[in-house]
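J.: predicted model and sequence below, questions to follow.
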Amino acid sequence: MMRKIIAAVAVVTGMVLPSIAQAETLADALIAAYKSSNLMAQNQAVLRAADEDAASAFAKLMPVLTYSAQKSVSNLSSAPSVDINRETQSLTASLTLFAGGRTRNGVAIAREAVMATRANLMNVEGQVLLSAVAAYVTMGQKAQIVALRESNTRLITQQLRAAKDRFEVGEVTLTDVSLAEARLAAASAGLAAAQGELSIAREAYKTAIGSYPANLRALPKLPALPKTLEEARAIAQTAHPSILQAQSQVKIADLQVKIAQGALGPTLGANISRSRDQAGVETTTSALQLNQTIYAGGGGAAALRKTYAQKEAAQAGLLQTGLTVSENLGRAWAGLAVANASVRAGEAQIAAAQKAFDGVREEANLGSRTTLDVLNSEQELLSARASKLDAEANRYIGVYQVLLAMGQLSAEKLNLGIPTYDAEAYYNSVKNAPPIWTQPSKQGAALDRILGNSGN
């Protein structure tokens with residue numbers, strides 16, 4: 001029976017391919033999902049935008065150099081035929097010398113915003129990988145369900161044929177034949193539904209991984225988990241991306257307080273300008289400028305109080321995020337425990353249902369059981385096998401759900417062996433605000449090509 005089911009799975013899912021076709025493993029699917037994910041590409045671009053915000057903040061520490069040229073023509077009313085031409089060129093450099101720490105704190109805020117965005121990208125990566133695992137596992141599960149339904153339909157067809165033969169010789173009544181016909185119709189409907197679910201699973205697979213499944217291999221050994229929930233919680237509380245993101249938001253809020261405090265003080269700037277007119281006369285001007293707001297209707301104090309409130313909100317948000325992470329991990333851990341128990345119960349149920357079916361069928365051959373007894377027993381065996389397949393799929397996916405809830409689901413931690421997105425590389429290339437470099441990223445150029453080809 002098991003060999004027939006495995007062969008049917010291969011046929012149903014289109015896995016019987018020429019020998020030259022390579023088998024697709026779960027690792028292959030995860031790699032494909034990582035590389036083809038639009039969510040990953042989107043959030044990587046968001047991170048690069050945050051990197052540029054950091055570069056913009058850094059640029060405010062640098063002097064600003066501007067050039068201007070002006071040419072004007074004036075006409076005197078007392079001498080209409082006389083035009084007065086004026087040409088002036090000037091070069092000016094200005095620099096903020098003191099701003100109460102606002103500029104440097106702005107750089108620190110931009111850096112923390114980058115860290116928060118990186119943490120969000122880590123979250124997205126985990127969700128993309130979990131979706132890929134779920135798609136891979138579900139594809140195999142649905143294929144096996146179809147195989148079970150096909151086997152069930154063939155078996156009931158044989159039982160219907162036997163019932164008709166026994167009716168011909170008067171061993172059973174027409175009611176037995178009708179029962180078998182009704183059960184065959186139900187089995188055919190169940191098979192059609194299972195095939196529909198398999199088609200849906202194929203579409204979900206393509207969305208999650210980027211291509212339709214072909215020649216899928218058996219699931220590999222599950223990754224290891226901590227032995228206890230408390231150990232898992234300890235890891236999650238220190239490494240979960242949501243907590244890291246909330247920690248950066250607290251730091252940002254604290255820096256915003258310092259900026260608001262600095263805004264109440266003076267600012268000091270310096271500039272030097274050199275100009276030349278049409279006569280070749282050059283003028284150099286140097287200046288220091290001190291600005292201090294004396295009264296603004298209490299606006300500065302209100303802004304400072306607002307940052308205190310935002311800091312309290314961020315701190316409370318961090319605490320709540322910790323609770324949410326802990327709760328989600330507890331849910332995932334409990335769900336995995338339930339799946340493990342369901343698998344064990346399913347194994348016992350299948351063993352008992354198989355014995356019952358074999359016995360009922362033998363007793364029916366001896367005339368002590370009815371056709372309905374055989375059909376019911378066969379249905380119980382089918383339900384037991386289907387339930388076990390569901391439990392096994394839930395258990396496998398559940399392990400990865402626990403990893404995601406711990407913040408440990410990433411291409412690097414799964415040892416996929418592929419180059420992953422280097423979050424530091426782009427930041428390091430732009431953090432000092434290079435004045436010349438306006439080319440889009442490779443990912444952005446690729447997306448532009450795709451959109452251009454689609455006619456958008």
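T.: Received, thanks. Numbering: from 1, shown residues only.
J.: for residue 90, which three-state class applies?
T.: strand (DSSP: H, G, I helix; E, B strand; the rest coil).
J.: that one touches residue 68, doesn't it?
T.: Yes: using CB atoms under 8 Å, residue 90 is in contact with residue 68, at 5.3 Å. Any C-beta I mention is one placed from the backbone N, CA and C, and that applies to glycine too.
J.: okay, the two: which has more neighbours?
T.: Taking other CB atoms under 10 Å, residue 90 and residue 68 do not tie; residue 90 has more neighbours (16 against 11).
J.: how close does that one sit to residue 393?
T.: Note on residue 90: its distance to residue 393, by CB to CB, to the nearest Å, is 73 Å.
J.: over to residue 255?
T.: Looking at residue 255 against residue 393, where the rule is CB to CB, the gap reads 47 Å.
J.: try residue 201
T.: Separation of residue 201 from residue 393 (CB to CB): 11 Å.
J.: need the overlap of contacts for the two.
T.: Each of 138, 141 lies in contact with both residue 201 and residue 393 under the rule CB atoms under 8 Å, 6 or more residues apart in numbering.
J.: quick one: contacts of stretch 241-250?
T.: Here stretch 241-250 makes contact (CB under 8 Å, 6+ apart) with 112-113, 115-116, 119-120, 122-123, 126, 236-237, 311, 314-315, 317-318, 321-322, 324-325, 407.
J.: now do stretch 170-178
T.: With contact meaning CB under 8 Å, 6+ apart, stretch 170-178 is reached by 160, 163-164, 166-167, 367, 370-372.
J.: who wins on neighbours among those?
T.: Of all the contacts of stretch 170-178, residue 163 has the most neighbours under the rule other CB under 10 Å, reaching 25 neighbours.
J.: counting by contacts, list what whatever helix or strand that one lives in packs against.
T.: Assigned by DSSP states H and E, residue 163 belongs to helix 102-168. For helix 102-168, the packing partners by 3 or more CB pairs under 8 Å, 6 or more residues apart in numbering; DSSP states H and E come out as helix 2-12, helix 26-36, helix 38-59, helix 174-209, helix 241-263, helix 371-406, helix 423-430.
J.: average pLDDT for it, rounded please.
T.: Throughout helix 102-168, pLDDT has a mean value of 94.
J.: so where do the strands sit in the stretch 251-400 of the chain?
T.: In the stretch 251-400 of the chain, the segments counted as strands under DSSP state E, counting those that start in this stretch are 267-277, 282-291.
J.: save those strands as CSV, and put in mean neighbour count too.
T.: Shown next, in CSV, are the strands of the stretch 251-400 of the chain (neighbours: other CB atoms under 10 Å):
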stretch, mean neighbour count
strand 267-277, 16
strand 282-291, 10
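J.: out of those, which is closest to residue 147?
T.: strand 267-277 (74.9 Å; CB to CB).
J.: tell me the two of the contacts of stretch 170-178 that are most distant?
T.: When CB to CB is used, the two most widely separated members of these are 160 and 367, lying 18.3 Å apart.
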